[in-house]
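Enquirer: Could you work out the structure for the sequence below:
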Amino acid sequence: MLDFQKKKQLSILVKIAMVDEDFADAEKEVIRKISQKYGATTEELTEIFDSPATAESLAPMTLIDKMDFMMDCILVVIADDMVTSSEEYFARQMATRLGFNQDVVAFLIKNKDVSREEMRELMLPYLVS
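Expert: Have a look, this model is predicted:
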């Protein structure tokens with residue numbers, strides 16, 4: 001069962017995937033895997049796929065949660081091996097909302113194979129103070 005924050009986050013991931021008007025199967029699969037990590041039921045994910053929330057605001061998050069969610073956003077952006085300008089723009093806007101410099105998007109795309117734990121350390125310089 002999803003809490004409000006995780007439901008919002010999954011909705012945002014769906015919106016990122018749909019922003020280029022091509023909700024690819026690879027993007028859906030990445031979101032399915034992320035939703036399992038978040039503890040979503042199949043019914044909850046189907047509901048989000050069918051009707052993602054319209055508001056993109058997020059509740060306060062810990063630094064680790066912000067980093068993890070930013071990495072989840074990038075996983076969706078790169079899922080279909082094609083990063084469109086609209087997906088990159090959306091991800092850059094999300095980076096700003098999460099307190100990162102927008103350059104973190106290109107950095108995460110370029111370093112997509114780095115482990116999550118190592119990436120958290122590498123993301124620190126991209127935090128806006």
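Enquirer: Tell me the gap between stretch 50-61 and the middle of its chain.
Expert: Taking the mean of its C-alpha atoms, stretch 50-61 sits 12 Å from the chain's own mean (Cα atoms, centre = their mean, to the nearest Å).
Enquirer: That stretch - what's its average pLDDT?
Expert: On average, the pLDDT along stretch 50-61 is 79.
Enquirer: Show which residues not belonging to it make contact with it.
Expert: 4-5, 7-12, 14-15, 18, 69, 94, 97-98 (Cβ atoms under 8 Å, 6 or more residues apart in numbering). Any C-beta I mention is one placed from the backbone N, CA and C, and that applies to glycine too.
Enquirer: which one of the residues you listed sits closest to I78?
Expert: M94 (14.3 Å; Cβ to Cβ).
Enquirer: before we move on, back to that, filter the contacts of stretch 50-61 down to the buried ones.
Expert: For the contacts of stretch 50-61, a neighbour count by 16 or more other Cβ atoms under 10 Å gives the buried set as 7-12, 14-15, 18, 69, 94, 98.
Enquirer: so of the residues you listed, which ones are in helices?
Expert: Counted as lying in helices by DSSP state H, out of these, are 7-12, 14-15, 18, 69, 94, 98.
Enquirer: quick one: which two of the residues you listed are the most distant?
Expert: Between any two of these (Cβ to Cβ), the greatest distance is 19.9 Å, for M18 and L98.
Enquirer: wait, doesn't F23 sit right on L13?
Expert: No. In terms of Cβ atoms under 8 Å, F23 does not count as a neighbour of L13; the distance is 11.1 Å.
Enquirer: out of these two, which sits in the more crowded spot?
Expert: L13 (26 against 15; other Cβ atoms under 10 Å).
Enquirer: Show the pLDDT at D65.
Expert: For D65, the predicted pLDDT is 95.
Enquirer: and the residue most central in space within the chain, what is it in contact with?
Expert: Nearest to the mean C-alpha position of the chain, by Cα atoms, centre = their mean, lies C73 at 1.9 Å. By Cβ under 8 Å, 6+ apart, the contact list for C73 reads 12-13, 16, 91, 94.
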